[in-house]
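[1] Need a 3D model of the sequence below.
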Amino acid sequence: MDIIELSDAVGQRFAQERKKDPIFLQSPPGLGLFEMSAETAFEATIYSPVSCLILQGAKQIAVGERSVTLHAGESLIVGHDLPVSSRVTAAAANTPYRAIVVGIDLEVVRSLYDQVDETAFQKGADDVLGVNQTDPALIDALGRYLALADKPAEAKVMAPLIFREIHYRLLIAPHGGMLRRLLRRDSHASRIGLAIEKIRKDFRAPIPVASLAAVAGMSVSSFHDHFRAITETTPLQFQKDLRLLEARRLLSQQGMLVSSAAFDVGYESPTQFSREYTRKFGVPPKAHVGAELVAI
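    Numbers count the residues shown, from 1 in each chain. Down below sits the predicted model:
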């Protein structure tokens, strides 16, 4: 299966759901399918370990001062939690934006790591946003995995095998350098990954940078340098992004009061919260109370 055939298969799946007017489907497990008929403004979200393959149209993704635009046939690999902003830059009613997102299961990747020849890991850069043309073999594996959604009996046997194949192809991809670094326990990326886990777990509470540096086993100055290299941001901004994204979820999905959301995510001042929220999302927090939001 090539990129056009895979795009058509995703389009058919959306056509089956057209009365519901969806822009996102999750089937089979581990895959997210997107289809949008119009360009969008920047939307902030957080990527967990993920790969995104553009099937049709284009998408811009920004983190810190780094920005990349993906076109049909190109894919992105992110090996760790990363706050980003993204927007669809090419989409129309007759040629909608389409994409497949693969949630990367790090345990599956780790189970493969020791089985792959070390020479396979010497290619490609260690970019925060790894982007490259997608291997036809990965596109074919994604097509076979997607087809299993209509074959439940076959999926019981084949789905785990194909899902593992997909992870293997992501692991050895030229733009999977950061993913590979994060799996090496002795790498700086892996040690920064431990600090990221702590920030994610305790983002509501004040976290001294010195304590994060200790988790990573680095001096404070070295930690700052490596953290920015891995995430394109600072530990403080990373935590702030997590707080604001969680607040947006509370406002939109739970209809929480603005002041309640501010205190829930760790802000002591609702005024400061509103100011920083508006700066990040472009609208005041009250605009998102009860709103339906979809990360792209």
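[2] and the helix or strand containing residue 138, what does it pack onto?
    Using DSSP states H and E, residue 138 falls within helix 136-147. Applying 3 or more CB pairs under 8 Å, 6 or more residues apart in numbering; DSSP states H and E, one finds that helix 136-147 contacts helix 3-16, strand 31-36, strand 50-56, strand 97-103, helix 152-171. Heads up, the C-betas are built off the backbone N, CA and C, glycines and all.
[3] Go again with 6 Å.
    Here helix 136-147 touches helix 3-16, helix 152-171, going by 3 or more CB pairs under 6 Å, 6 or more residues apart in numbering; DSSP states H and E.
[4] Of these, which is nearest residue 114?
    helix 152-171 (11.2 Å; CB to CB).
[5] Buried residues, that closest one. List them.
    155, 159, 162-171 (16 or more other CB atoms under 10 Å).
[6] for stretch 139-153, same thing?
    Neighbour count says stretch 139-153 has 139-149 buried, by 16+ other CB under 10 Å.
[7] would you turn those residues into CSV with distance to residue 116?
    Below are the buried residues of stretch 139-153 laid out as CSV (distance: CB to CB, whole Å):
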residue, distance to residue 116
139, 20
140, 19
141, 16
142, 20
143, 23
144, 21
145, 20
146, 25
147, 26
148, 25
149, 29
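[8] can you tell me which residues contact the spatially closest residue to residue 96 that is not a sequence neighbour?
    With CB to CB, 6 or more residues apart in numbering as the criterion, residue 96 has its nearest non-adjacent residue at 4.6 Å, and that residue is residue 37. Counting by CB atoms under 6 Å, 6 or more residues apart in numbering, residue 37 touches 91, 93, 96.
[9] Show the pLDDT at the first one.
    Each residue has a pLDDT score; the one for residue 91 is 96.
[10] what's the neighbour count on residue 285?
    25 (other CB atoms under 10 Å).
[11] the strands in the stretch 101-250 of the chain, which residues?
    130-133 (DSSP state E, counting those that start in this stretch).
[12] Could you point out which residue ranges in this protein have low pLDDT?
    In the predicted model of the chain, residues 19-21, 117-126 satisfy pLDDT under 70.
[13] That one: helices as residue ranges?
    3-16, 106-113, 136-147, 152-171, 177-183, 188-201, 209-216, 220-231, 235-254, 258-264, 270-281 (DSSP state H).
[14] Buried residues of the first one, list them for me.
    It refers to helix 3-16. 3, 6-7, 9-10, 13-14.
[15] Over to the last one?
    For helix 270-281, a neighbour-count test (16+ other CB under 10 Å) marks 270, 273-274, 276-277, 280-281 as buried.
[16] Save the residues you listed as CSV, and put in distance to residue 133 too.
    Converted to CSV, the buried residues of helix 270-281 look like this (distance: CB to CB, whole Å):
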residue, distance to residue 133
270, 47
273, 42
274, 43
276, 38
277, 38
280, 32
281, 33
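[17] Show me which of the contacts of residue 37 is closest to residue 115.
    Closest to residue 115, out of all of those and judged by CB to CB, is residue 96, at 38.9 Å.
[18] Would you tell me which strand is longest in the protein?
    strand 82-90 (DSSP state E).
[19] in the chain, which residue is closest to the centre?
    For the chain, the residue sitting closest to the mean C-alpha position, by CA atoms, centre = their mean, is residue 47 at 2.5 Å.
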